[in-house]
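Peer 1: Predicted structure and sequence below. I'll ask about it afterward.
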Amino acid sequence: TKGIGKEHAKFSPVSAVGFVQQPNVVLDSEKCAQLSSAQKKEFVACCPTNVYQYDDKKDEIVVDVEDMAKCTYCNECYSKVEQLNANIDPYEMISITTHANHFTFNIETTGALRPEMVVKSALEVFRRKLKVLKDHLKQIKTD
């Protein structure tokens, strides 16, 4: 017989689920310009996920955001700016926020079902439960 994960873990086709909001990383170019070339290279190298990049343009190195989606909110960049230059406030130089309505959803299955099927089934169950709730609210309203 078939069962559901609520009854026993052996019926759960999912081993791990998680989601992360998409980061939004912005650098203040005026504050970055206050760093020396060596400090800029050190700043870019401090990020464990390579969010930042630097370009050698003419005589100056320009620091920019290469891939903000790689940001893991580790705050290494803030720490590095504090370490490099006491005259620059790291929270004025770097702004790390999240996009309110955009996130990455990861799901790992045990292999019994494809992740797409698990999500579709979960949404169908959720839809049915919302319908039951709606019907109960209508019933309460009419009473």
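Peer 2: Perfect, I can see it now. Numbering: from 1, shown residues only.
Peer 1: so where's this structure uncertain?
Peer 2: Scanning the chain for pLDDT under 70 picks out 1, 58-60, 86.
Peer 1: Now do the helices in it.
Peer 2: Along the chain, the stretches classed as helices by DSSP state H are 29-33, 37-46, 76-84, 90-93, 115-142.
Peer 1: remind me, longest strand of the chain?
Peer 2: Counting residues, the longest strand in the chain under DSSP state E turns out to be strand 94-109.
Peer 1: Partner strands of it and their direction?
Peer 2: The strands beside strand 94-109 in its sheet (DSSP bridges) come out as strand 14-27 (antiparallel).
Peer 1: what does the strand it pairs with contact?
Peer 2: 5, 51-52, 63-65, 68-69, 71, 73, 93-100, 102-110, 118 (C-beta atoms under 8 Å, 6 or more residues apart in numbering). All C-beta atoms are positioned from the backbone trio N, CA, C, and that covers glycine.
Peer 1: what are the C-alpha coordinates of it, in PDB please?
Peer 2: Taking C-alpha atoms only, strand 14-27 is exported to PDB below (Å, rounded to 0.1, in the frame of the first residue of the first chain):
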ATOM      1  CA  VAL A  14      12.400  14.200  -0.600                       C
ATOM      2  CA  SER A  15      15.700  14.100   1.200                       C
ATOM      3  CA  ALA A  16      16.400  17.900   1.400                       C
ATOM      4  CA  VAL A  17      14.600  21.100   0.500                       C
ATOM      5  CA  GLY A  18      15.900  24.700   0.700                       C
ATOM      6  CA  PHE A  19      15.600  28.100  -0.800                       C
ATOM      7  CA  VAL A  20      17.700  31.200  -0.800                       C
ATOM      8  CA  GLN A  21      16.700  34.700  -1.700                       C
ATOM      9  CA  GLN A  22      18.600  36.200  -4.600                       C
ATOM     10  CA  PRO A  23      21.300  38.600  -3.300                       C
ATOM     11  CA  ASN A  24      21.700  42.200  -4.600                       C
ATOM     12  CA  VAL A  25      25.200  43.400  -4.200                       C
ATOM     13  CA  VAL A  26      26.100  47.000  -5.000                       C
ATOM     14  CA  LEU A  27      29.500  48.700  -4.700                       C
END
